[in-house]
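In: Build me a model:
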Amino acid sequence: MAIVNSLPPGFSEIDAVRIAGEYYSLRVTSRQLSSYIDQNFYVTDPSGKEYVLKISNPSETEHILEAQNLAMKHITDHSTVVECPGVIPSVSGRQIESVISKNKKTYSVRLLTYIRGKFLSEEPSPTADLLHSLGVFLGNLDKTLKNFTHPAVDRYFLWDLKNGRDIIHFTRHIDNPHKRSLAEYFFLQFETSVLPVLPNLRSSVIHNDANDNNVLVRKSDSGKEIVFGIIDFGDLVYTYTICELAIALAYAMFNKGNPLETAIPVIQGYNTIFPLTEPELKVLFYLICTRLSTSVTLSAYQKKLQPENKYLAISENPAWTLLEKLIEINPVKAHQAFRNACQINTLLQYGKTSGKILKEREIYIGRSLSIAYRKPLNIIRGAMQYLYDDTGQTYLDCVNNVCHVGHCHPHVVRAAQKQIAILNTNTRYLHKNLVLYAKRLTSLLPEPLKVCFFVNSGSEANELALRMARTYTKQKDCIVIDNAYHGNTSSLIEISPYKFDGPGGAGPESFIHKVIMPDVYRGLYKSEDQDAGKKYAGHIREAISKIKEQGKGLAAYFCEPLMGCGGQIVLPEDYLKTAFQHVREAGGVCIADEVHVGFGRVGTHFWGFETQGVIPDIVTLGKPIGNGHPLAAVITTPEIAGSFDNGMEYFSTFGGNPVSCAVGMAVLDVIENEKLQENALKVGAYLLSGLNKLKSKYSIFGDVRGLGLFIGVELVLNRETLEPAPEQATCIIEAMKEQGILISIDGPLYNVLKIKPPLVFTKANADQVVNTLDLVLGNLI
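Out: Have a look, this model is predicted:
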């Protein structure tokens, strides 16, 4: 399958009959066959002899066609087990003739022998024996071609997998943003995992297109179906030999429930004839993915040139479906399975073992830094909503709200790579990225939130917001919500009840005033109370009165628009609207901590505070803003920003650097282009529906709550007394981990299942979560 800008030849079946008679002295009937860039005609003479009249695309030089002819002859001369077409000379003795079309263009034509058999694509459920025979056939093909050379095939060719990096320029032709990112992700893995290994691979001339519509099957003498022939040598190229097997496997895996299971007999058969090397096995999985990504990408490009050519899309849908399956497969698992198929049974070691890392962590890392799960995970790679560990296990990540648009999203990675290769410096120099990003970010916020300060973490952002509020009001006292957490600096521990009331905490300082958490499930005012929001906000008015009684003023009210550590709490209606009114009447600053919930996670709105119909005075952003890159921001009004310019210079060494701003803009690109806010709304509602169905089945589910993909499930032992179930919560997350799904625990009573996945989460992922929870709960209860 070459990639060309010129259209296929435009000859008719009548023209084919004329050409066969004129150049080959044959009286035939003709029928046009499907083709990619050439024209192929099935022709038969009166005696029943069958041929293929092949009119090549003008992009194919006579030199290339000559190489193809010689390769087919070499195979016929040197192999008794590989059948391929032969070239029939014209009446003038030439193997390649030239014909002129009606529009006066010259085309090359050849007459080939026709090989009768059925295509492998006609076997929807090939047996392991047939797949093994495919491997044997390919091994014999490559073994035969190993000694074939021709200068024309040592060429630059886009369908040569070693040029996978160049295909990235064509992904813009993929209209679906999600699919485009999927292909780009695998091209990124080609660059990082395949390119460095290429110098260690064997090279030879290969057929380069053993897809299931080029490979022929027939019954052997024993009655078993076997692969025996191959057609279409148009992609012949000198490249890395392992590409032959990778390409064949890409198509053999089409429409199969278990792609790796399909691959094993093919690899086994190939290895018996043409033994594979360790470097070849190392890159095989991502070469398969590269071929599929190349196919869908160039198909998208070619379809825009030839929208009427249905053959261009023949493998497109199954290729996309397979790519979606392959991203769920841990490459370690694939690598080990491929080695096992070659009877290399030694276990792979990807760096230090989990036990070794844990021991060294205990020595060199402070023990106050906690680690998840009883048996900690050694995560070595991420892919969108999936994480891979060193044992080959894939995990569906349902808790990482930092990698907001997906782990290793290619658009974000490329943005960072590109900028860090050009410049990374600080904000004392002018750089367009700083103002471009600030302008774009503030455009997503309501007036008068128009002034940005960039920092490196959510804690830094909240620390700066606190300083701004105190500078603006010339007051120190703050109101905070019980069980809230705002960061790890000393000042933020002081405004975080989750910390100062927890283990190791010393309680609130005299200038910190805690109000009850607006929890309509477990709190003072329940969901049935239509005025619950206003009543909870009334406690803020009471706190303000106490501050005034002490002869002091209010600096700030800190709030999360949806509470994280509080237990995934969705605030009741009118809570923030009423709270902000009380705070502003007291001269205080309203600060919305969007570190957990911003950037479209709630689905209905881009920012969490918008769900309450309010506009804060200061907004802090973190976690998802950089998709894992250390980036955060404070956005405020010109008035508050002006008061902070009091002579004491503010400077952050890394805040607002060109790389961070490039990453931040790339994250916004993905959210917009892939419609991730809309996805959060749809998939979140779907997941909540599934969880509520489990609630009707299992009484341990006391409350299911959330907005978009910010979801909590509160576990109780008794729905009347609301006795919490923390031990069961721990058992559930451990059991879910064993089933390949990562969720976490939140809440002051450690009994809330926290679900905050990357926004690329799908309905299929939601089904997996609900079905697995159902299984786990069934075993637990």
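In: Now the element after the least confident helix or strand in the chain by mean pLDDT, going C-ward?
Out: The helix or strand of the chain with the poorest confidence is helix 354-364; it has a mean of 87 (mean pLDDT, DSSP states H and E). Downstream of helix 354-364, the next assigned helix or strand under DSSP states H and E is strand 379-383.
In: Could you export the helix or strand following that following strand as PDB, keeping only the C-alpha atoms?
Out: Counting by DSSP H and E, the element after strand 379-383 in chain order, helix or strand, is strand 386-389. These are the backbone C-alpha positions of strand 386-389, laid out as PDB (Å, rounded to 0.1, in the frame of the first residue of the first chain):
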ATOM      1  CA  TYR A 386      -4.600   3.200  31.900                       C
ATOM      2  CA  LEU A 387      -1.500   2.500  34.100                       C
ATOM      3  CA  TYR A 388       0.900  -0.400  33.600                       C
ATOM      4  CA  ASP A 389       3.000  -2.000  36.300                       C
END
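In: Can you give the distance of strand 386-389 from its chain's centre?
Out: 12 Å (Cα atoms, centre = their mean, to the nearest Å).
In: could you say what helices and strands that strand packs with?
Out: helix 331-341, strand 379-383, strand 394-397 (3 or more Cβ pairs under 8 Å, 6 or more residues apart in numbering; DSSP states H and E). The way it works is simple: take the backbone N, C-alpha and C, and place the C-beta from them, glycine included.
In: Could you list the buried residues of the longest one?
Out: In terms of neighbour count (16 or more other Cβ atoms under 10 Å), helix 331-341 has its buried residues at Pro331, Val332, Lys333, Ala334, His335, Gln336, Ala337, Phe338, Arg339, Ala341.
In: Quick one: the residues you listed as a markdown table, columns for distance to Val399 and pLDDT too.
Out: Shown next, in a markdown table, are the buried residues of helix 331-341 (distance: Cβ to Cβ, whole Å; pLDDT from 0 to 100):
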| residue | distance to Val399 | pLDDT |
| --- | --- | --- |
| Pro331 | 22 | 97 |
| Val332 | 22 | 96 |
| Lys333 | 22 | 96 |
| Ala334 | 25 | 97 |
| His335 | 27 | 97 |
| Gln336 | 27 | 95 |
| Ala337 | 28 | 96 |
| Phe338 | 31 | 97 |
| Arg339 | 32 | 96 |
| Ala341 | 35 | 96 |
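In: Can you convert those residues into JSON lines and add a column each for distance to Ile422?
Out: Converted to JSON lines, the buried residues of helix 331-341 look like this (distance: Cβ to Cβ, whole Å):
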{"residue": "Pro331", "distance to Ile422": "30"}
{"residue": "Val332", "distance to Ile422": "34"}
{"residue": "Lys333", "distance to Ile422": "37"}
{"residue": "Ala334", "distance to Ile422": "35"}
{"residue": "His335", "distance to Ile422": "35"}
{"residue": "Gln336", "distance to Ile422": "39"}
{"residue": "Ala337", "distance to Ile422": "41"}
{"residue": "Phe338", "distance to Ile422": "39"}
{"residue": "Arg339", "distance to Ile422": "40"}
{"residue": "Ala341", "distance to Ile422": "44"}
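In: buried stuff in stretch 752-770?
Out: Quick answer for stretch 752-770 (16+ other Cβ under 10 Å): 752-762, 765-766, 768-770.
In: same deal with stretch 214-226?
Out: Asn214, Val215, Leu216, Val217, Glu225, Ile226.
In: Three-state assignment for the fourth one, please.
Out: It stands for Val217. Following DSSP: H, G, I helix; E, B strand; the rest coil, Val217 is assigned to strand.
In: what do you get for the last one?
Out: The three-state label for Ile226, taken from three-state DSSP, comes out as strand.
In: what's near enough to touch it?
Out: Going by Cβ atoms under 8 Å, 6 or more residues apart in numbering, Ile226 touches Leu130, Ser133, Phe137, Val217, Arg218, Lys219, Ser220.
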